[in-house]
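Engineer: Sequence and predicted structure below; questions after.
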Amino acid sequence: MRNTFSTLFSISSRKSLKAFIRKSATLLENCTNERLIRHGNALHCHLIKMGLSSQKYIAVKLLIMYLDSRKSFEIDQMLKEFKGFNLVVHNCLVNANLLWGDVVNARRLFDEMPERNEVSWTALVSGLLKHGYVDEAMFYFVRNPFLSVFSWTATISGLVQNGLSFRAMELYKKMLRSGVLPNDITFTSIIKACIELGDLELGKGVIALIIKVGFEDDVCVSNSLVTFFLRLGEMDYARRTFDRMEEKDVVSWTTILDMHVEMGDLREARRIFDEMPERNEVTWSAIIARFSQSGNAEEAVRLFQEMVQDRFKPNESCYSSVISALASLEALQPGMNIHAHVLKIGMGTNVFVGSSLVDLYCKCGNTKDGRLVFDSLPEKNVVCWNSMVSGYSLNGQLAEATKLFNRIPQKNNISWNSLIAGHLAVDKFDEAFEVFNGMILSGEQPNKSTFSSVLKACASLASLEKGEYAHAKALKFGFHHDIFVGTALVDMYAKSGSIKSSQKIFNRMPTKNEVVWTAMIQGLAENGFAEESLHLFEEMERNSSVPPNELVLLSVLFACSHCGLVDKGLSYFNSMEEVYGIKPNERHYTSVVDMLSRSGRLCEAEEFIRNMPYEAEANAWAALLSGCKTFGNETLAKRTAEKLSELAETKPGGYILLSNIYASGGRWVDVMSTRELMNQKGIKKSGGCSWIELRNRVHLFYSQDETHTQSTEIYWVLQLFNSEIQSLFT
DNA sequence: ATAGGGTTAG
């Protein structure tokens, strides 16, 4: 390109002016990226010197070049130069205003135009649609007197971009009825609409027409068909369409690579990537992003290194993906190295890169530097706002998160979800629920993440009423089939004591992963349905392809312990490593101690506790002590209590357990002395708290302070009940 | 008017 420009400068004096103008115009048309625009700029200066810059043909090309590269300053300058407006310049002017988002001015200029061609109408409609002004766009669309395939296609694709695929489909049918034939771009847009609508039959109808009109061999159309089948889960069709293509480009290969990622076969994806006939930086960025998104952050980083070694120049996408991978690895130092590099090559202000950097610093617990990057971004979009809000949320800085959330100019559902997550992080479950209500009221569409968070809050509150409300909303929005939401529902109902509902949800789930199985098995065990819990575990082993994990085995031990199946529990425990390949952790050991103590096998329990490979948890000793109480083994009780107080020296939790056990045995003197000891050592016990929900209001009761407004009355009634009960026995 | 890739929540 540089050479072309220099030859142009040298020939300009010799060749005729007309040819020079034509050549300049073509060159300006080709200035499509940042680097080439600098040449275009140089040519512009040259043209000014030659007095040719206001030559209409040239000027329009210059204007379009600046428009395409969004050089608002130059556009402004150029438009000032024009005195007599012709139609093309006028169109450019409207376009410029649309580009700057000044919709009002664009409409005014359009309305004032003395004459309009189809480009004027189409540009206005698509510009309005790009900014989400659907009604306004349709106002002009119906008045457009030209309505060739251009206008139809522009409007259809604009509607699809606004998520209005159904209306796009209607318009497409109207277009066919009016006798206008679709072209390749219409087809790719309308296939995208079919993907959005998830309608296979509709898509097949479109394919019939594609073949009839003769676009089935078009690379772009075929690519969009491969994507269509892929998104609708028809992998066979996707593969067949791909194999049938005579001409394949990078896009085709990238799409089929995507298909294997979708099917969870990253190795096959990698194989295809390695064997691709051609690659570009888009392909690289696709594979890096895919590995990063599917939890293979290390591999993503390795691919990035490989890309650099292969002398490909990473683009913004690659940087943002690799930074995001490093963020999930919490690899601060390598991330900072890339940050420095990105700043050096002038990509520091890119929103994508910036958002990932914000995420990186926040995931590594450094919200201060995250904020610094955030503040340095000149053009902020929702994503980087969300990154920062969720960064604060992640680190428990709820006040900061809320403050920033309120300043987001155009919130989306992720913004709300981030704020809800922020409340969950600091255990403010009631408030999380309030935020959810605010979200619904503001008209924001909740999604599956919203429900999985909100249901988690309900589970922690053990509030059946709120949980049922959230469940109803999830049903209404159609997210109850999602595996995340289903899991949260199973857990919520179990935690709220409605185990029947929990089972219903569980049984209806079409696909189950280890998390749901665990939630259900745990729910049953904790609600006293130990046998059912164990049955379910056996079913899980028999019928499902998911291997048991640590947590599910903990629930199994818990269940065994609670229904007295000590030997069964022990055999599970002993086979953990061998059969399931899971090394028992402290909590598993504690569970076994609990199991033995509950069934009175105290000596075994003591021996077990002394022989375990870890230092026993305070809970384990407490379980043994409580077993000693039940079975009246005073000597062992004494030994255990001593051990527990000894442990309490280093672990404050021990004191609380000790005092609880004394309390349950009615040894109030010992309770007092333990509490005294805790006070001396400055150990604060967070107060026990209980609550009930009445008429949509939660009433809290704390173990120490009488904080409830009506506590006097409540205690008074309680005393009344007590004396009534007493009188029954006398 | 334009298919394929990128950042955020659970």
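Structural biologist: Right, received. Where do you want to start?
Engineer: longest helix anywhere in chain A?
Structural biologist: helix A:711-729 (DSSP state H).
Engineer: and it, how far out from the chain's middle?
Structural biologist: 52 Å (Cα atoms, centre = their mean, to the nearest Å).
Engineer: Ok, stretch A:124-139 next?
Structural biologist: Going by Cα atoms, centre = their mean, where stretch A:124-139 is centred and where its chain is centred differ by 29 Å.
Engineer: That one and DNA strand B, any residue contact?
Structural biologist: Yes: Stretch A:124-139 is in contact with DNA strand B by Cβ under 7 Å from any atom of the strand, via A:Ser126. Every C-beta, even on glycine, is put in place using the N, C-alpha and C of the backbone.
Engineer: ends of that stretch, how far apart?
Structural biologist: Across its full length, stretch A:124-139 reaches 11 Å between end residues, using Cα to Cα, to the nearest Å.
Engineer: what does the stretch 251-400 of chain A put close to DNA strand B?
Structural biologist: So the stretch 251-400 of chain A meets DNA strand B at A:251, A:254-255, A:258, A:280-283, A:285-286, A:289-290, A:292-293, A:315-317, A:320-321, A:324, A:327, A:350-353, A:355-356, A:359, A:381-384, A:386-387, A:390, A:393-394 (Cβ under 7 Å from any atom of the strand).
Engineer: Buried only: go through the residues you listed for me.
Structural biologist: Neighbour-count burial (16 or more other Cβ atoms under 10 Å) applied to those gives A:251, A:254-255, A:258, A:283, A:285-286, A:289-290, A:292, A:315-317, A:320-321, A:324, A:327, A:350-353, A:355-356, A:359, A:382-384, A:386-387, A:390, A:393-394.
Engineer: where's A:Pro378, which helix or strand?
Structural biologist: Per DSSP states H and E: A:Pro378 is located in neither a helix nor a strand.
Engineer: actually A:His44, not the one I wrote
Structural biologist: Assigned by DSSP H and E, A:His44 falls within helix A:34-49.
Engineer: Can you list the helices and strands that the helix or strand that that helix is followed by packs against?
Structural biologist: Proceeding N to C from helix A:34-49, the next assigned helix or strand is helix A:56-68, under DSSP H and E. Based on contacts counted as 3 or more Cβ pairs under 8 Å, 6 or more residues apart in numbering; DSSP states H and E, the elements that helix A:56-68 packs against are helix A:17-29, helix A:34-49, helix A:72-81, helix A:87-99.
Engineer: Pick the most buried one from the ones you listed.
Structural biologist: Counting by mean count of other Cβ atoms under 10 Å, helix A:87-99 has the highest mean neighbour count of the helices and strands packed on helix A:56-68, with a mean of 21.
Engineer: tell me which residues in the helix or strand that comes right after it are buried?
Structural biologist: Remark: after helix A:87-99, the chain's next helix or strand is helix A:103-112, criterion DSSP H and E. By 16+ other Cβ under 10 Å, the buried positions in helix A:103-112 come out as A:103, A:106-107, A:109-110.
Engineer: Reformat these as a markdown table; add pLDDT.
Structural biologist: Below are the buried residues of helix A:103-112 laid out as a markdown table (pLDDT from 0 to 100):
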| residue | pLDDT |
| --- | --- |
| A:Val103 | 84 |
| A:Ala106 | 88 |
| A:Arg107 | 90 |
| A:Leu109 | 86 |
| A:Phe110 | 91 |
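Engineer: Of these, which is the nearest to A:Tyr715?
Structural biologist: Of all the buried residues of helix A:103-112, A:Tyr715 sits closest to A:Val103, with 65.0 Å by Cβ to Cβ.
Engineer: Spit out the contact partners of the closest one.
Structural biologist: Residues counted as contacts of A:Val103 (Cβ atoms under 8 Å, 6 or more residues apart in numbering) are A:97, A:127-128, A:131, A:133, A:136.
Engineer: which ones among those are found in helices?
Structural biologist: Counting by DSSP H, the part of these found in helices is A:97, A:127-128, A:136.
Engineer: Mind giving me the PyMOL select for the residues you listed, buried ones only?
Structural biologist: Buried residues among these (16+ other Cβ under 10 Å), as a PyMOL selection:
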select buried, chain A and resi 97+127+128+136
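Engineer: and which of the ones in helices among the contacts of A:Val103 is nearest A:Glu298?
Structural biologist: Using Cβ to Cβ, the ones in helices among the contacts of A:Val103 come closest to A:Glu298 at A:Gly127, 43.9 Å.
Engineer: List the contacts of the closest residue to that closest one other than its chain neighbours.
Structural biologist: Once flanking residues are discounted, A:Gly127 sits nearest to A:Leu98: 3.2 Å by Cβ to Cβ, 6 or more residues apart in numbering. By Cβ under 8 Å, 6+ apart, A:Leu98 lies in contact with A:106, A:123-124, A:127-128, A:130-131.
Engineer: quick one: which two of the residues you listed are the most distant?
Structural biologist: A:Ala123 and A:His131 (12.8 Å).
Engineer: What residues does the stretch 1-150 of chain A have near DNA strand B?
Structural biologist: So the stretch 1-150 of chain A meets DNA strand B at A:122-123, A:126, A:149-150 (Cβ under 7 Å from any atom of the strand).
Engineer: ranking those residues by neighbours, who comes first?
Structural biologist: A:Thr122 (24 neighbours; other Cβ atoms under 10 Å).
Engineer: SS state for A:Pro510?
Structural biologist: Here A:Pro510 is recorded as coil under DSSP: H, G, I helix; E, B strand; the rest coil.
Engineer: Do you have the helices of the stretch 151-300 of chain A handy? List them.
Structural biologist: Along the stretch 151-300 of chain A, the stretches classed as helices by DSSP state H, counting those that start in this stretch are A:165-177, A:184-197, A:200-213, A:219-231, A:235-244, A:250-262, A:266-275, A:281-293, A:297-309.
Engineer: could these go into TSV alongside distance to A:Met612?
Structural biologist: Shown next, in TSV, are those (distance: least, Cβ to Cβ, whole Å):
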stretch	distance to A:Met612
helix A:165-177	60
helix A:184-197	56
helix A:200-213	57
helix A:219-231	52
helix A:235-244	49
helix A:250-262	44
helix A:266-275	39
helix A:281-293	40
helix A:297-309	34
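Engineer: Which one, of the ones you listed, ends up nearest to A:Ser645?
Structural biologist: helix A:297-309 (45.8 Å).
Engineer: Contacts made by the next helix or strand after the closest one with the rest, please.
Structural biologist: Per DSSP H and E, helix A:297-309 leads on to helix A:316-328 as the next helix or strand towards the C-terminus. Helix A:316-328 has contacts (Cβ under 8 Å, 6+ apart) with A:281-282, A:284-285, A:288-289, A:291-292, A:295, A:297-298, A:300-301, A:304, A:307, A:314, A:334-335, A:338-339, A:342, A:347, A:350, A:352-353, A:355-357, A:359-360, A:363-364.
Engineer: rerun that using 7 Å as the cut-off
Structural biologist: Here helix A:316-328 makes contact (Cβ atoms under 7 Å, 6 or more residues apart in numbering) with A:281, A:284-285, A:288-289, A:292, A:297, A:300-301, A:304, A:307, A:334-335, A:338, A:342, A:347, A:350, A:352-353, A:356-357, A:359-360, A:363.
Engineer: Quick check: the residue of the stretch 551-700 of chain A nearest DNA strand B.
Structural biologist: Nearest to DNA strand B in the stretch 551-700 of chain A, going by Cβ to the nearest atom of the strand, is A:Leu551, at a distance of 16.2 Å.
Engineer: ok, that residue touching A:Thr518?
Structural biologist: Yes: between A:Leu551 and A:Thr518 there is a contact under Cβ atoms under 7 Å: 5.0 Å.
Engineer: Which residue of those two possesses the greater neighbour count?
Structural biologist: Using other Cβ under 10 Å as the criterion, A:Leu551 and A:Thr518 rank with A:Thr518 on top: 24 against 17.
Engineer: Quick check on the more buried one: phi, psi?
Structural biologist: In terms of degrees, to the nearest 10, the main-chain angles of A:Thr518 are phi -60, psi -50.
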